[in-house]
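Engineer: can't give you the sequence, but here's the structure:
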Ligand code: SF4
């Protein structure tokens, strides 16, 4: 049985845990919010110590056959696109390792021709000697198609549902394979079956009512904690940022509620990792870092070749999925603009000032060998 078969029921007949979580999302006075934040910090220190894992996204390709209304890479957008070749991917990674990163998230749009399973496998094999912790955030696959990627050395799978509200999902995903809500919803379980030892889920806040999204995300998490017991789970709460296509969030999540949501998730799910990306402004990231977050990105670029300028000779404009001949530009288009543009060293220094321990590497395949 998959989560998709019980998702609607899990929201109709909420568990005791979900009802407690829901109560923490009610509007609250400043004093109550401060108390929740203090509790969240204490729970985080108890379960994670002072550690903060650092990672960087590496965009392999911004080609995409889907039409997602909120995304800069949507097929509908006439943008500069490129897929990095293996040598170019390695050059980007060498830059990131020089910055200190040992935990990389490989990101790509959905395009079977450019971002195939064999291409991803070759990328992982090429990077594995440099990077002990590789995760992927790409189009959902069948379990059998994940197996070669896990064997090649990918240890993490990230897949956000974007919105858990079925009608909003249908409106936001106009064309392409991503229209299938249930197929995406069940992806983390397929990844667990394939052997990914870390699994990340999340919702994109701004598409629908934030409390609904939060409760549905919590329901998904509660289910996965029971079923995907061999994997470490993380959650992300990205808020919509400006991007090509200029989508306007219809249901913005304000900073105050965002803080409340993170703290509520932390005290409800004490052992689950919470990820905070460079989508958020520097001042807010500084505030949230000690409050419940366990994993942060730094110095991120959201376009292929963003770190070292790789792939610029192969750039091309696409209009409705068709390449316009001779249309190469200066740089690939980003998926969205980041807000906190501080580099890795600045974030490392910040964490040290806050009394936290930046963790660049917490995993090596040798651990399994030793076991
Ligand atoms: S959200 Fe993902 S699938 Fe949708 S257009 Fe962007 S890259 Fe493609």
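Structural biologist: Yes, it's here. Quantities reported herein were computed from a predicted structural model and do not represent experimental measurements.
Engineer: Start and end of stretch 61-74, how far apart?
Structural biologist: 12 Å (C-alpha to C-alpha, to the nearest Å).
Engineer: What residues sit buried inside it?
Structural biologist: For stretch 61-74, the neighbour count (16 or more other C-beta atoms under 10 Å) marks 61-68, 70-74 as buried. Backbone N, C-alpha and C define where each C-beta goes, glycine included.
Engineer: and if you look at stretch 283-300?
Structural biologist: By 16+ other C-beta under 10 Å, the buried positions in stretch 283-300 come out as 285-286, 288-300.
Engineer: just the strands in the stretch 151-300 of the chain please.
Structural biologist: Along the stretch 151-300 of the chain, the stretches classed as strands by DSSP state E, counting those that start in this stretch are 154-158, 173-175, 198-202, 232-236, 273-276, 295-297.
Engineer: Quickly run through the sheet partners of the fourth one, with directions.
Structural biologist: Applying DSSP bridges, strand 232-236 is found paired with strand 198-202 (parallel), strand 273-276 (parallel).
Engineer: Tell me how many other residues surround the residue of the stretch 101-250 of the chain found nearest the ligand.
Structural biologist: Closest approach between the stretch 101-250 of the chain and the ligand, counting by C-beta to the nearest ligand atom: residue 109, at 3.6 Å. Using other C-beta atoms under 10 Å, residue 109 has 26 neighbouring residues.
Engineer: Tell me the secondary structure at the nearest residue to it once chain neighbours are set aside.
Structural biologist: Among residues not flanking residue 109 along the chain, residue 64 sits closest, at 3.2 Å (C-beta to C-beta, 6 or more residues apart in numbering). Here residue 64 is recorded as coil under DSSP: H, G, I helix; E, B strand; the rest coil.
Engineer: if I look at residue 295, how far off is residue 352?
Structural biologist: 17 Å (C-beta to C-beta, to the nearest Å).
Engineer: just residue 3 next, same as before
Structural biologist: As judged by C-beta to C-beta, residue 3 and residue 352 stand 40 Å apart.
Engineer: Would you mind telling me which of these two has the busier surroundings?
Structural biologist: Set residue 3 next to residue 352 and count neighbours by other C-beta under 10 Å: residue 3 wins out with 19 against 11.
Engineer: Spatially nearest residue to that one (excluding sequence neighbours)?
Structural biologist: Counting by C-beta to C-beta, 6+ apart, the nearest residue to residue 3 once its immediate chain neighbours are dropped is residue 223, at 5.0 Å.
Engineer: who's in contact with that neighbour?
Structural biologist: Counting by C-beta atoms under 8 Å, 6 or more residues apart in numbering, residue 223 touches 3, 6, 10.
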